[in-house]
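Student: Give me a model of this one.
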Amino acid sequence: MISLSSKERVCDENGEFSTDSIGDFIADLHTRMLPVPSKDTYTIRSPRDVFEYVKDMQFLTQEHFVVIGLNTKNQVVFKETVFIGSLNSSIVHPREVFKPLIRKSCASAVVVHNHPSGQPEPSREDIIVTERLQKAGEIIGIDILDHVIVGFECFYSLKEQGRI
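Tutor: Numbering: from 1, shown residues only. Got it, this is the predicted structure:
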């Protein structure tokens, strides 16, 4: 919304647009529309950073599959739960994982899910899902940097364990 003071700077005393000040007005408006850098940006540098960012997931009683979108500096752009499963399973489809990443123009992503049992070791299905997401990411051009499984006060990084 344009403030009255901005409007007054664009209009002359008769209320007509002044060509001398339109350039200043556009520059002012452009500056106001630029995103303001957030002081609350969170940068992912390691699997431990991921765990610290989502550690509340350890208390969930159902599996939640979360995608964390990152910019080119590995700063978090968004975090979104894309699936909620049952007590011990979650059906994950690449389409639902990559949809928000594409919409928000993310450079890369980390996927995370919890194991309500508290034990973060990956199941065979976890490994298969990770491989599918990696292949889809290669095609789309959005790298899956890691898949972190959250357990009770612990986590398992498929990247750290050489599975990515």
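Student: switch to C-alpha atoms for all contacts and neighbour counts from now on
Tutor: Will do.
Student: and the longest helix along the chain, what does it pack onto?
Tutor: In the chain, with assignment by DSSP state H, the single longest helix is helix 124-140. Contact partners of helix 124-140 among helices and strands, from 3 or more Cα pairs under 8 Å, 6 or more residues apart in numbering; DSSP states H and E: helix 94-103, strand 143-151.
Student: got the angle between the last one and helix 124-140?
Tutor: It refers to strand 143-151. What separates the directions of strand 143-151 and helix 124-140 is an angle of 160 degrees, with axes from the mean of the first three to the mean of the last three Cα atoms, to 10 degrees.
Student: can I get the CA coordinates of whichever helix or strand comes after strand 143-151 in PDB?
Tutor: Beyond strand 143-151 on the C-terminal side, the first helix or strand identified by DSSP states H and E is strand 154-157. Output in PDB follows, covering the C-alpha atoms of strand 154-157 (Å, rounded to 0.1, in the frame of the first residue of the first chain):
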ATOM      1  CA  CYS A 154      19.300 -39.100  18.900                       C
ATOM      2  CA  PHE A 155      19.300 -39.100  15.200                       C
ATOM      3  CA  TYR A 156      20.500 -41.000  12.200                       C
ATOM      4  CA  SER A 157      21.900 -39.200   9.100                       C
END
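Student: buried sites along strand 154-157?
Tutor: Neighbour-count burial for strand 154-157, with 16 or more other Cα atoms under 10 Å as criterion, is recorded at 155-157.
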